[in-house]
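Colleague: Coordinates only, no sequence provided:
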Ligand code: NAD
Ligand code: MG
């Protein structure tokens, strides 16, 4: 029996996780859930899974949730960011799904690492912000890191079980998002809903915009660098609009191993939940004949400047990826609130990177300082445009 905490249970990944968990009541027990401000959804999940603990954003959200659960389930409701760290480190929990979006996921995911949990990592921002610190905590506390991001889960499945002998390159596939073929001059006018209408995946709004700018792939290159201890020069991005091949590993003998499947996050989630075993995920069998042509293209860095910025941030190292991540979060939020145009997202990030070129990232405090400085700088850059 695996005993789970799900951080970000009410999001797209959280909901898919509970879908898989519900198929295997004999294998998994839900001990704690978090849902920030999505009280109705979290209440529903508490009623269905009766966790011992639930965590929300603040005292108001907590009393609203208590009101909905009173007399129905004995779930104890807590609030605030420290409570997230508490449920990530509970002694009775062995597995933590880290599915909070953005930098807010860093502290609780680190808490899971420090208490030696099996971490199912969806929150890629943790690794982007402070890969070195994070991987050190994982290794020195005996935690196990299993990637949920479909590309990294695919690479994990294609790599040798031990070591990296014979591996030449990691090939991350990218769908290219909804604007892969949109004329460049029309990109200034695209709306948040258009950006979030991903052709293959249903995801939260932040990562959907990241997919449209391809910053998501940039963040994933940085994520792959840390997860698989692989230099940036050995990580390539390939556009593959059908999202059937989830990523590949190339070996020195010319072999390329790919992991394929329908685009449904329940596959990587089930893989990581059961690893090294395999369990049913609810995802239908892949019908290759119906998938028709699988297309692969090189990414166009003029169309997707965010990808170039991410490679540059990884090369710069230290606090620069944290600056990139924070500037991106601020710019994407402004775009979603219609305060910033789509193409200006990359401009704001580039300006922030230029303003803050040498932030250190030796300690966690350094990382949070880089994050805070980048948020301020990006906000200023956005205000200057409006
Ligand atoms: P989402 O927006 O659907 O859900 C986010 C979750 O985090 C929700 O439970 C929300 O309540 C919670 N949350 C939001 N802000 C918070 C805060 N400040 N403090 C605490 N909790 C907060 O996002 P998602 O699409 O499920 O993505 C979650 C993470 O997984 C992201 O890091 C994303 O990059 C990664 N990821 C998602 C997918 C996908 O298919 N959705 C695929 C790969 C990786
Ligand atoms: Mg991905």
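Modeller: Nice, I can see it. All figures in this text were calculated on a predicted structure; none of them were measured in a lab. Ligands and ions are numbered 1, 2, ... in the order given.
Colleague: Look up how far ligand 1 lies from the residue lying closest to residue 261 once chain neighbours are set aside.
Modeller: Closest residue to residue 261 apart from its sequence neighbours, by CB to CB, 6 or more residues apart in numbering: residue 267 at 4.9 Å. Backbone N, C-alpha and C define where each C-beta goes, glycine included. For residue 267, the distance to ligand 1 (CB to the nearest ligand atom, to the nearest Å) stands at 11 Å.
Colleague: all helices of the stretch 51-200 of the chain, in order?
Modeller: 59-69, 81-88, 106-114, 124-140, 150-158, 192-196 (DSSP state H, counting those that start in this stretch).
Colleague: Redo those as CSV? Include mean pLDDT.
Modeller: Formatted as CSV, those follow (pLDDT from 0 to 100):
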stretch, mean pLDDT
helix 59-69, 98
helix 81-88, 98
helix 106-114, 98
helix 124-140, 96
helix 150-158, 98
helix 192-196, 96
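Colleague: Same list (these) but as TSV, adding distance to residue 378 and mean neighbour count.
Modeller: Shown next, in TSV, are the helices of the stretch 51-200 of the chain (distance: least, CB to CB, whole Å; neighbours: other CB atoms under 10 Å):
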stretch	distance to residue 378	mean neighbour count
helix 59-69	27	16
helix 81-88	22	20
helix 106-114	18	25
helix 124-140	15	22
helix 150-158	26	24
helix 192-196	18	17
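Colleague: Residue 219: which of the ones you listed is closest?
Modeller: helix 124-140 (5.1 Å; CB to CB).
Colleague: still on that earlier bit, and of the helices of the stretch 51-200 of the chain, who's closest to ligand 1?
Modeller: helix 124-140 (5.0 Å; CB to the nearest ligand atom).
Colleague: hmm, who's touching that closest one?
Modeller: 98, 101-103, 105-106, 109-110, 113-114, 119, 121, 143-145, 149, 219-220, 222-223, 225-227, 321-322, 324-326, 329, 361, 363-364, 367, 371 (CB atoms under 8 Å, 6 or more residues apart in numbering).
Colleague: which of these count as buried?
Modeller: Neighbour-count burial (16 or more other CB atoms under 10 Å) is assigned, among those, to 98, 101-103, 105-106, 109-110, 113-114, 119, 121, 143, 145, 149, 219-220, 222-223, 225-227, 321-322, 324-326, 329, 361, 364, 367, 371.
Colleague: In the protein, what residue comes closest to ligand 1?
Modeller: For the chain, CB to the nearest ligand atom, closest residue to ligand 1: residue 11, 1.9 Å.
Colleague: which one is the residue in the stretch 151-300 of the chain that ligand 2 sits nearest to nearest to, not counting chain neighbours?
Modeller: In the stretch 151-300 of the chain, no residue comes nearer to ligand 2 than residue 151, which is 4.8 Å away by CB to the ion. Excluding the flanking residues, the one nearest residue 151 by CB to CB, 6+ apart is residue 247, at 4.1 Å.
Colleague: Tell me the secondary structure at that neighbour.
Modeller: strand (DSSP: H, G, I helix; E, B strand; the rest coil).
Colleague: Who are the contact partners of it?
Modeller: Residue 247 touches 150, 151, 152, 154, 155, 158, 170, 171, 172, 173, 258, 259, counting by CB under 8 Å, 6+ apart.
Colleague: what's the answer for residue 77, then?
Modeller: 53, 54, 55, 56, 62, 65, 66, 69.
Colleague: and which of those is nearest to ligand 2?
Modeller: Nearest to ligand 2 among the contacts of residue 77, with distances taken as CB to the ion, is residue 55, at 25.6 Å.
Colleague: Need the pLDDT of the closest one.
Modeller: Note for residue 55: predicted pLDDT of 98.
Colleague: Tell me the bridge partners for it.
Modeller: Residue 55 has these beta-bridge partners by DSSP bridges: residue 34, residue 78.
Colleague: quick one: contacts for it?
Modeller: 32, 33, 34, 35, 77, 78, 79, 80, 83, 84, 86, 87.
Colleague: Could you rerun that using 10 Å?
Modeller: 5, 7, 9, 32-36, 42, 61-62, 65, 76-88, 108 (CB atoms under 10 Å, 6 or more residues apart in numbering).
Colleague: Near ligand 1, list only the ones from the buried ones among the contacts of helix 124-140.
Modeller: Contacts with ligand 1 are made by 101, 149 out of the buried ones among the contacts of helix 124-140, judged by CB under 6 Å from any ligand atom.
Colleague: chain center to the host helix or strand of residue 257: distance?
Modeller: According to DSSP states H and E, residue 257 maps onto strand 256-260. Distance, stretch centre to chain centre, for strand 256-260: 21 Å (CA atoms, centre = their mean, to the nearest Å).
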